[in-house]
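In: turn this into a model:
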Amino acid sequence: MVESSVADSEADEQDNQKEKMKLRRQDFARLKSVGFQHGAIVVAIMALWASANAWAQQTGMILAEGVSIAGGFFAGVALAFLFHEWGHFSGARLSGSISPVLGQRKSFFMFNFDLEKNSRGQFLAMSLGGPLANWGLVAMVLVTLPVINLATIMLLAATIGVAINVCIFELPVIQRVFHGAAPGQALPQRVAEQGRSGWLSKSAGLLVGAGVFLGLGVL
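Out: The predicted structure follows:
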């Protein structure tokens, strides 16, 4: 009887290990898929923006200039959201949290963070990764691109504007969780607060981005 129980226990353990390995392989396959997709999006965004920028510089046409500025805005916003999501994901994985890549994804959202099973420290690591990635993108734009024309200035302004909005929303959540609040309560509470907030709070990033664009490109 004892030998049978031990054998059953070993069999269950082997089944559990096989299931874990299967989930790891599935997660890695999904991660490769989303990495390829997002990488292709980044290349396409930058290629289109660079083409519009080159068109504007070579022709000097008003239409070309307008398209390149608009391209800088949309490119900056899209890149900011991509970097933000990968920042959250990196923070989650570096902290060892349960954060499987989604099989079916909507927009840029790519993984699920288990608020019940993960610790407060893991939530903080995941949360901090997003804003840090946004400001890392701002630094990357400043370092790698010459901010000398309106298209590039708009790209920089858009990334700064998104980074500001991210901090306005997420830093209060991070602060509350750091001081002991439950992540499952702090997050919906902040969502409700944001819904009740005034136009200035909701438009802060847009206003700062517009100020950057006007200050560097127009004035």
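In: contacts and neighbour counts: CA atoms only from here.
Out: OK.
In: and residue 110, what element?
Out: Using DSSP states H and E, residue 110 maps to strand 109-111.
In: return the helix-or-strand element of the chain with minimal mean pLDDT as PDB; C-alpha atoms alone will do.
Out: For the chain, scoring each helix and strand by mean pLDDT, DSSP states H and E identifies helix 199-202 as the least confident one, at a mean of 79. In PDB, the C-alpha atoms belonging to helix 199-202 read as follows (Å, rounded to 0.1, in the frame of the first residue of the first chain):
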ATOM      1  CA  TRP A 199      -9.600  68.200 -18.000                       C
ATOM      2  CA  LEU A 200      -6.200  69.600 -16.800                       C
ATOM      3  CA  SER A 201      -5.200  66.300 -15.200                       C
ATOM      4  CA  LYS A 202      -6.300  64.300 -18.300                       C
END
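In: buried sites along that helix?
Out: Burial within helix 199-202, assessed by neighbour count using 16 or more other C-alpha atoms under 10 Å, is assigned to residue 202.
In: for this protein, which segments count as strands?
Out: Assigned strands in the chain, in chain order: 101-106, 109-111 (criterion: DSSP state E).
In: output those strands as CSV; include the columns mean neighbour count, mean pLDDT and distance to residue 126.
Out: Compiled in CSV, the strands of the chain are given as follows (neighbours: other C-alpha atoms under 10 Å; pLDDT from 0 to 100; distance: least, C-alpha to C-alpha, whole Å):
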stretch, mean neighbour count, mean pLDDT, distance to residue 126
strand 101-106, 13, 87, 14
strand 109-111, 20, 93, 11
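In: adding distance to residue 198, write these out as JSON lines.
Out: Shown next, in JSON lines, are those (distance: least, C-alpha to C-alpha, whole Å):
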{"stretch": "strand 101-106", "distance to residue 198": "28"}
{"stretch": "strand 109-111", "distance to residue 198": "27"}
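In: out of these, which is closest to residue 14?
Out: strand 101-106 (24.4 Å; C-alpha to C-alpha).
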